[in-house]
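Trainee: Okay, here's the prediction I keep looking at, along with the sequence it came from:
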There are 2 protein chains.
Amino acid sequence: MATVISVARKAGVSSATVSRVLNGSATVSSEMRERVMAAVNELGFHLNPMAQGLRKGQTNTVALLVGDIEQTHFSALTKQVQAALEGIGLDLLLYNLGHSQSRLESFLARAIAMRLRGVVLALSDSLSRSIEPLLARLEQHGVELVCIGQNLTRFNVPSIVHEERVAATRSVDYLLAQGRTRIAYVGHIKGSTVGSERYRGYRRALEQAGLPVHEELVWDVVYRYAAGRDAVIKALERGIEFDGLQAGSDELAMGALAALQERGLAIPSDVAVVGFGGIDMAAYTRPPLTTLSSHPEEAAAHLRRLFLDGRAEGPAKVTWVERSLIRRVSA
Amino acid sequence: MATVISVARKAGVSSATVSRVLNGSATVSSEMRERVMAAVNELGFHLNPMAQGLRKGQTNTVALLVGDIEQTHFSALTKQVQAALEGIGLDLLLYNLGHSQSRLESFLARAIAMRLRGVVLALSDSLSRSIEPLLARLEQHGVELVCIGQNLTRFNVPSIVHEERVAATRSVDYLLAQGRTRIAYVGHIKGSTVGSERYRGYRRALEQAGLPVHEELVWDVVYRYAAGRDAVIKALERGIEFDGLQAGSDELAMGALAALQERGLAIPSDVAVVGFGGIDMAAYTRPPLTTLSSHPEEAAAHLRRLFLDGRAEGPAKVTWVERSLIRRVSA
DNA sequence: CTGAAAGCGCTTACAG
DNA sequence: CTGAAAGCGCTTACAG
């Protein structure tokens, strides 16, 4: 295996010079540089990242701790994060947490010894106070922490989140602009930070339009396909009428869609439905679902900037991903 | 930051002894072991994997090169692979290749210097001969190579693949057992190794049942939702009759389903449809799609065994994942 | 069974 | 601008 020493020998220079050339140090004469590069190319040489990391006290590796990579939302995010980090020379270590706080903690405990460049949290679960000291230790040891998808600034972790409320307001505005007047909301409201933000956005749109919020049109349910179906069926059976439906997730929207169609209602002429999340699956319903896109590319771009600029000074900041597109997904 | 030296000092032993205890060497007295473990726990000590790797000449890291993590198939596989490797103490480095052969090559060139424990390829693209020398170099340098999803033994890479043909035969048998006699096949046949295997399985089932293969019932198309729709619409317009449909992918099956329903056919009474892949999305059609499960857990279990047993002697072997469940996906 | 010492492959003050 | 040398934190022959 080639080493800096073997490259140095071939180029007739010292290993220090090889290192300087390969690390782009300015203080190398062009003649040295050329000789070194010739040797590097001839040998197909690559620096050993472990030796480098040991010496520098830091790796070029970032760990991504993800809730469940099988969920579309997370796999899309993972893809963008990997690409963004690769673009600035960072490798990505992937851990699928599966909603286990103990696995999270045991990983964080190891992370310091691993001399990671950073740790990115992309979790849907709410975190207990008990990880605070672990996060603080990582911070102290120079591991850059970032959270995507929830605001963790209370743990002093810079966070990148969507402006859920603004997005929901715009989406309901879009339904209102179509002349819909009785717009229902189905989503997980109590017990979910993200969910209650979305619900507040819905309320705000109605209020701004001078419309009342009808309690019978607000259905607080869990984020599941079946819950969307059930909520709609129950409402129809109770004779509740509505001409628009804002769902807090695409799964809920798809369940609702199925229920409406089963009952012979036409989409979107009888009821217009908008989902939340922008999942591909939405393209496969008949008709294709309208949904709010999430923006993994933008989140990844923010992340890239955080790692480029190095550790932010002062207290952790929240970066909001603002743009929220309403789009008709089609296959 | 704690080191083996600091642990050794606290325990009143040499760093060699600390290392032996932490690596589970047998030749340590229980008294030494206890003293060391006490110090380790007190300090919350973890070995530095970079120093370890540099010294041992090998990391505990495996790279997974994946075609496109956003595809359900790959994200499910990634999840299982990560869990299986974590179970045997290996970390997972993730690279999303996005079907770029040049990115594959540049990664492989780096991989040797990284002293990776192994590289797992999970790609749908067919690979050109030009990577053969790169793969051979990795092999020589002790990087364990494994391919999941296609047979790469021609490049001397141990491979884990599904028995596509057997799966397709069983699936068509299942349709035949329901009394279906005119079973169509829609899939990507020419130009896809996996696809042509599936098609052959379909033919075999018909032949074994003493039924002819009608050419007008075989539709060679690309793997896209729209292609499934179009194939069915065209067949119906030409007056072609069929009571069963085996699709080469779930996307195709879902497109076909949509087309059949648009034309007023009842599923499954008029036409029974079976997909291929077992994607979750299948649960969201009305009615839920019947599909063949793929088995990422089994592939991951095979992978685990390969890394546990160390490099296989002799020429690369193919491991077949045989079991193929036909299941009704439901939400 | 245990320890002293060498060395894995780099980078970076330090000296010139 | 360049080189000699120390040292990052481990593991492992080697000696006892």
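Mentor: Noted; the coordinates are in hand. Numbering: from 1, shown residues only, chains lettered A, B, ... in the order given.

Trainee: residues touching the spatially closest residue to A:Ser159 that is not a sequence neighbour, list them.
Mentor: Leaving aside its sequence neighbours, A:Ser159 sits nearest to A:Cys147 (C-beta to C-beta, 6 or more residues apart in numbering or on different chains; 4.4 Å). Bear in mind the C-beta positions are built from the backbone N, C-alpha and C, glycine included. A:Cys147 makes contact with A:Val120, A:Leu121, A:Ala122, A:Leu123, A:Val157, A:Pro158, A:Ser159, A:Ile160, according to C-beta atoms under 8 Å, 6 or more residues apart in numbering or on different chains.

Trainee: average model confidence for the strand or helix carrying A:Cys147?
Mentor: Using DSSP states H and E, the element containing A:Cys147 is strand A:144-148. Averaging pLDDT along strand A:144-148 yields 94.

Trainee: circling back to that earlier point, pull the most distant pair out of the contacts of A:Cys147.
Mentor: Greatest spatial distance among the contacts of A:Cys147 (C-beta to C-beta): A:Leu123 and A:Pro158, at 14.9 Å.

Trainee: hmm, who's touching the strand or helix carrying A:Leu175?
Mentor: A:Leu175 is part of helix A:164-177, with elements assigned from DSSP H and E. Residues outside helix A:164-177 that contact it (C-beta under 8 Å, 6+ apart) are A:183, A:194, A:197-202, A:204-206, A:208-209, A:211, A:244, A:246, A:272, A:274, A:276, A:292, A:322, A:324, A:326.

Trainee: how about the helix or strand following it, does it get close to chain B?
Mentor: Using DSSP H and E, the helix or strand that follows helix A:164-177 in sequence is strand A:183-187. No: on the criterion C-beta under 8 Å from any C-beta of the partner chain, strand A:183-187 is out of touch with chain B, staying 15.5 Å away.

Trainee: what's the average pLDDT for the next helix or strand along the chain from the strand holding A:Cys147?
Mentor: Per DSSP H and E, the first helix or strand lying C-terminal to strand A:144-148 is strand A:159-162. Strand A:159-162 shows a mean pLDDT of 88.

Trainee: residues making contact with strand A:159-162?
Mentor: Residues from elsewhere that reach strand A:159-162, judged by C-beta under 8 Å, 6+ apart: A:146-153, A:294-295, A:299, A:302-303, A:316-321, A:324.

Trainee: which among those are in contact with DNA strand D?
Mentor: Near DNA strand D, judged by C-beta under 7 Å from any atom of the strand, there are no entries from the contacts of strand A:159-162.

Trainee: Put the buried members of the residues you listed into a PyMOL selection.
Mentor: Buried residues among these (16 or more other C-beta atoms under 10 Å in any protein chain shown), as a PyMOL selection:
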select buried, chain A and resi 146+147+148+149+150+151+152+294+295+299+302+303+316+319+321+324
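
Trainee: Show me what from chain A comes close to DNA strand C.
Mentor: Residues of chain A lying close to DNA strand C (C-beta under 7 Å from any atom of the strand) are A:1-5, A:15-16, A:18-20, A:22-23, A:47-48, A:51-52, A:54-56.

Trainee: The same query, at a cut-off of 10 Å, please.
Mentor: A:1-8, A:14-23, A:25, A:27, A:45-58 (C-beta under 10 Å from any atom of the strand).

Trainee: Just those residues: which are in helices?
Mentor: Counting by DSSP state H, the residues of chain A next to DNA strand C place A:4-8, A:15-22, A:49-56 in helices.

Trainee: Also near DNA strand D: which of these, exactly?
Mentor: Counting by C-beta under 10 Å from any atom of the strand, A:4-5, A:8, A:15-21, A:50-56 from those sit close to DNA strand D.

Trainee: mind listing the strands for chain A?
Mentor: Under the criterion DSSP state E, strands of chain A are mapped to A:61-66, A:91-96, A:118-122, A:144-148, A:159-162, A:183-187, A:218-220, A:244-247, A:272-277, A:290-293, A:318-321, A:326-328.

Trainee: Tell me which of the ones you listed is the most buried.
Mentor: strand A:244-247 (a mean of 28; mean count of other C-beta atoms under 10 Å in any protein chain shown).

Trainee: do stretch A:204-222 and chain B meet?
Mentor: No: between stretch A:204-222 and chain B, judged by C-beta under 8 Å from any C-beta, nothing touches; the nearest distance is 13.1 Å.

Trainee: okay, how far is it across that stretch, tip to tip?
Mentor: Stretch A:204-222 has an end-to-end distance of 22 Å (C-alpha to C-alpha, to the nearest Å).

Trainee: Which residues outside it are in contact with it?
Mentor: Against stretch A:204-222 from outside (C-beta under 8 Å, 6+ apart): A:165, A:168-173, A:176, A:181-190, A:199, A:203, A:227-228, A:230-231, A:235, A:238, A:240, A:242, A:252.

Trainee: Make a ChimeraX selection of whichever of the ones next to DNA strand D among the ones in helices among the residues of chain A next to DNA strand C turn out to be buried.
Mentor: Entered in ChimeraX, the line below selects the buried ones among those, by 16+ other C-beta under 10 Å:
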select /A:4,8,17,18,19,20,21,50,51,52,53,54
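
Trainee: which ones among the ones next to DNA strand D among the ones in helices among the residues of chain A next to DNA strand C come in contact with chain B?
Mentor: Of the residues in those, proximity to chain B by C-beta under 8 Å from any C-beta holds for A:Met50, A:Ala51, A:Gly53, A:Leu54.

Trainee: For those, which two are the farthest from each other?
Mentor: Farthest pair in those, by C-beta to C-beta: A:Ala51 and A:Gly53, 7.4 Å.

Trainee: just to revisit the earlier point, turn the ones next to chain B among the ones next to DNA strand D among the ones in helices among the residues of chain A next to DNA strand C into JSON lines, columns for pLDDT.
Mentor: Converted to JSON lines, those look like this (pLDDT from 0 to 100):
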{"residue": "A:Met50", "pLDDT": "94"}
{"residue": "A:Ala51", "pLDDT": "95"}
{"residue": "A:Gly53", "pLDDT": "94"}
{"residue": "A:Leu54", "pLDDT": "94"}
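
Trainee: Just give me the closest of the residues you listed to B:Tyr223.
Mentor: A:Met50 (40.8 Å).

Trainee: And the residue of the stretch 51-200 of chain A that's closest to chain B?
Mentor: Residue nearest to chain B within the stretch 51-200 of chain A: A:Ala113 (3.5 Å; C-beta to the nearest C-beta).

Trainee: Could I get the contacting residues of that residue?
Mentor: By C-beta under 8 Å, 6+ apart, the neighbours of A:Ala113 are B:Met1, B:Phe45, B:His46, B:Leu47, B:Asn48, B:Pro49.

Trainee: Only the buried subset of the residues you listed, as a ChimeraX command please.
Mentor: A single ChimeraX command is used to select the members of the contacts of A:Ala113 judged buried by 16+ other C-beta under 10 Å:
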select /B:45,46,47,48,49
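
Trainee: Near A:Glu34, how many other residues are there?
Mentor: Using other C-beta atoms under 10 Å in any protein chain shown, A:Glu34 has 13 other residues around it.

Trainee: how near is it to A:Val13?
Mentor: 11 Å (C-beta to C-beta, to the nearest Å).

Trainee: Common neighbours of the two, please.
Mentor: If you check A:Glu34 and A:Val13 against C-beta under 8 Å, 6+ apart, no residue is contacted by both.

Trainee: A:Gln82 touches B:Gly98, doesn't it?
Mentor: No: with contact defined as C-beta atoms under 8 Å, A:Gln82 does not reach B:Gly98; the gap is 9.8 Å.
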